[in-house]
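K.L.:
below: sequence and its predicted model.
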Amino acid sequence: MAIRDHQSMDVGVMVRTARQWGHVISANPYPQAETLPKTVHAFILDRMPEPGRIAMLEAKEAGSEEWRIADGTLYLHTPDGFGKSVLGNIVERTLKVSMTARNWNTVRALQGLADAL
């Protein structure tokens, strides 16, 4: 409501505590994030998708891309880069849940901001 009242914009906001954000980092199943952080992305989900929607995403041909959902976060590994990603462009449309995505550099930067508080 504060954003709507102050900026005249009605937008969704997803909030995670510093502890929850730390869990986003520790639950990442892709160790490639440490050396190639632009190839790993965290999609913070508003809620868990329906099982049928997850099955639809599993059925998509994604080449070398991989993904996993853990505790409200979808982790996407795009070895060829997000710009060439097949899944990056269809995740939200397929799963039908609100989400926001960040590459691993941004995920770590947000953790640094949370740690500084």
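P.N.:
Thanks, I have it.
K.L.:
could you look up the SS state of the residue nearest to residue 63 when sequence neighbours are not counted?
P.N.:
In space, and not counting its chain neighbours, residue 63 is closest to residue 86: 6.4 Å by Cβ to Cβ, 6 or more residues apart in numbering. Glycine gets a C-beta too; all of them are placed from N, C-alpha and C. Reducing the assignment at residue 86 to three states with DSSP: H, G, I helix; E, B strand; the rest coil gives coil.
K.L.:
what count of nearby residues applies to residue 86?
P.N.:
Neighbours of residue 86 under the rule other Cβ atoms under 10 Å: 15.
K.L.:
the one 4 residues further on too?
P.N.:
Residue 90 has 14 neighbours, counted by other Cβ under 10 Å.
K.L.:
ok, now the one 3 residues further on?
P.N.:
In terms of burial, residue 93 registers 8 neighbours under the definition other Cβ under 10 Å.
K.L.:
got the buried residues for whichever strand or helix holds it?
P.N.:
If you go by DSSP states H and E, residue 93 is part of helix 91-95. Neighbour-count burial for helix 91-95 flags 91, 92, 94, 95 (criterion: 16 or more other Cβ atoms under 10 Å).
K.L.:
what does it contact?
P.N.:
By Cβ atoms under 8 Å, 6 or more residues apart in numbering, the residues outside helix 91-95 that reach it are 43, 45, 49, 53-54, 56-57, 60, 67, 74, 76, 98-99, 101.
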